[in-house]
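Trainee: Pasting the sequence and the predicted model now:
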Amino acid sequence: QWYQRRVREDCPDAVYNPEGPCSVHEVRADYAKTMCSILEDETIFGACHRFVPYKEYQKACEYDVCGCDMGGDCLCYCEAIYAYVKLCMNFNVVINWRVKMPECQVMCEWPKEYIPAAPACHDICGEKTCKNYTTNEAFETCECPPGTVPPDCRVLECSSTTSTTSTS
């Protein structure tokens, strides 16, 4: 019982607003509109606009950014943009968007490189190797450069007698 009283004393009343967080956090609304308008940019996202209309995702992005008022703004923003990019991948449209948006860049451990749409399966010396994912769809990740293999990105030499050998 003490715990219940204590929680009620410490927690502010939840504010429900059917119009969304931008009307609750009005100071963030302009910021959210500005940030999420990047989805209109034809030079970055234009290849996907004919497959996936962006307006709905732009509104969802604004909603998420307005709702992220306790830090983590970039995470909310970048995840909202990625939701659109992920749908574009379903139409085989690969957008290297993080390179053009510094606040959303992915830092990979050296020598791995950021890949905006890596396949779940790779052909290594004629053998198909797949990551343990439920689908075969592309996803963004950090991977070893072409011609090298994980986990330490060694150079791969294939021969006709041995399936795979790696050299340092």
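Mentor: Nice, thanks for sending it over. Numbers count the residues shown, from 1 in each chain.
Trainee: can you list contacts of the helix or strand hosting Ile81?
Mentor: Applying DSSP states H and E as the criterion places Ile81 in helix 73-89. Identification of contacts with helix 73-89 by CB atoms under 8 Å, 6 or more residues apart in numbering yields 35-36, 38-39, 45, 47-48, 51-52, 54, 57, 60-61, 64-65, 67-68, 94-95, 97-98, 101, 103-104, 116-117, 137-140. Heads up, the C-betas are built off the backbone N, CA and C, glycines and all.
Trainee: Could I have the ChimeraX command that selects the buried members from those?
Mentor: A single ChimeraX command selects the buried members of these (16 or more other CB atoms under 10 Å):
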select :35,36,38,39,45,48,52,54,57,61,64,65,67,68,94,95,97,98,101,104,116,117,138,140
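Trainee: Go through the contacts of helix 73-89 and flag which are in strands.
Mentor: Judged by DSSP state E, the contacts of helix 73-89 include Pro116, Ala117, Phe139, Glu140 as members of strands.
Trainee: what's the closest of those residues to Glu109?
Mentor: Of all these, the one with the least separation from Glu109 (CB to CB) is Glu140, at 15.2 Å.
Trainee: thinking that closest one is in contact with Ile115, fair?
Mentor: Yes. Taking CB atoms under 8 Å as the definition, Glu140 is a contact partner of Ile115 at 6.6 Å.
Trainee: hey, where'd the helices end up in this structure?
Mentor: With DSSP state H as the criterion, the chain has helices at 2-10, 21-24, 26-36, 42-49, 55-67, 73-89.
Trainee: so where's this protein shaky on pLDDT?
Mentor: Scanning the chain for pLDDT under 70 picks out 1-18, 69-74, 120, 122, 131-138, 159-168.
Trainee: Repeat the analysis, applying 50 as the threshold.
Mentor: In the predicted model, the chain carries pLDDT under 50 at residues 1-8, 162-168.
Trainee: To what extent is Glu113 buried, counted in neighbours?
Mentor: Other residues within reach of Glu113 by the criterion other CB atoms under 10 Å amount to 15.
Trainee: how much space between the closest residue to it other than its chain neighbours and Ala118?
Mentor: What sits nearest to Glu113 in space, not counting adjacent residues and going by CB to CB, 6 or more residues apart in numbering, is Pro145, at 5.7 Å. From Pro145 across to Ala118, the span is 12 Å (CB to CB, to the nearest Å).
Trainee: Look at the two and report which has more neighbours.
Mentor: More neighbours surround Ala118 than the other of Pro145 and Ala118, with 16 against 11 (other CB under 10 Å).
Trainee: so what's the closest residue to that one other than its chain neighbours up against?
Mentor: In this structure, Ala118 finds its nearest non-sequential neighbour in Thr141, 4.9 Å apart by CB to CB, 6+ apart. Thr141 sits next to Tyr114, Ile115, Ala118 when contact means CB under 8 Å, 6+ apart.
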